[in-house]
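**Q** quick check, what structure comes out for this input:
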Amino acid sequence: MWIIRQEQDADRAAIDRLVDMGFGPGRFAKTAYRLREGVAPDARLSFVSEDDVHALTGSVRFWPVRIGASLCLLLGPLAVEPKLRGRGIGIGLMQRGIEEAKKLDYEAIVLVGDEPYYAKAGFTRLPPGRVRFPGPVDTKRVLGLGLRSNALVSLAGEVMRPRIDHPVTAQAVRLG
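**A** This next block holds a predicted model:
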């Protein structure tokens with residue numbers, strides 16, 4: 001059995017361990033990680049799962065980004081204890097984050113990932129080239145989920161991180 005709760009400062013070491021196990025050191029070279037550099041995740045949307053002895057079993061974070069004129073979120077990393085994968089922990093964490101994100105001012109959530117897995121939480125593949133990342137990504141793995149009616153229809157542009165001093169503002173920082 002496991003529960004989902006808000007991430008706390010004391011969880012950081014356990015989260016880092018989960019992410020290290022799931023993604024390894026090569027993750028820092030990926031485009032999605034470059035977008036996260038120097039920007040804090042939206043703390044209102046950072047969740048962990050824990051088992052009945054309070055050991056962390058999973059973690060998810062959502063990071064503010066701009067895509068064109070839209071304030072959006074970048075999902076990830078989503079990390080689950082390897083021996084517990086396939087039990088619904090990751091989907092549960094995503095669903096909780098999505099529910100909470102719908103209450104905020106974000107238009108959509110984007111990520112780079114496996115469509116069959118993320119489709120379980122409502123994500124769909126975005127048309128190639130419509131949402132552009134500032135580095136190499138497989139366009140077949142760019143997925144989105146609208147948080148507002150028709151948000152994905154008009155979502156287009158380069159994914160940029162928000163200004164570092166104001167993480168959820170209308171201004172953005174171009175990478176590269």
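
**Q** what stretches of this structure score poorly on pLDDT?
**A** Residues of the chain meeting the criterion pLDDT under 70: 22-33, 163-176.

**Q** cutoff 90 now
**A** 1-2, 14-40, 51-55, 69, 76-77, 79-82, 84-87, 134-136, 161-176 (pLDDT under 90).

**Q** at the geometric centre of it, which residue sits there?
**A** Centroid check for the chain by Cα atoms, centre = their mean gives residue 75 as the closest residue, at 0.9 Å.

**Q** contacting residues around that residue?
**A** Counting by Cβ atoms under 8 Å, 6 or more residues apart in numbering, residue 75 makes contact with 60, 61, 62, 94, 97, 109, 110, 111. Where you see a C-beta, it was placed from the backbone N, CA and C, and this is true even at glycine.

**Q** so which of these are in strands?
**A** 60, 61, 62, 109, 110, 111 (DSSP state E).

**Q** which of these sits closest to residue 83?
**A** residue 60 (18.3 Å; Cβ to Cβ).

**Q** returning to what we had before: make a ChimeraX selection of the buried ones in the contacts of residue 75.
**A** Only the buried entries of the contacts of residue 75 go into this ChimeraX selection, using 16 or more other Cβ atoms under 10 Å:
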select :60,61,62,94,97,109,110,111
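
**Q** what would the contacts of residue 75 look like in JSON lines with distance to residue 146?
**A** Output for the contacts of residue 75, formatted as JSON lines (distance: Cβ to Cβ, whole Å):
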{"residue": "60", "distance to residue 146": "19"}
{"residue": "61", "distance to residue 146": "20"}
{"residue": "62", "distance to residue 146": "15"}
{"residue": "94", "distance to residue 146": "15"}
{"residue": "97", "distance to residue 146": "15"}
{"residue": "109", "distance to residue 146": "8"}
{"residue": "110", "distance to residue 146": "10"}
{"residue": "111", "distance to residue 146": "13"}
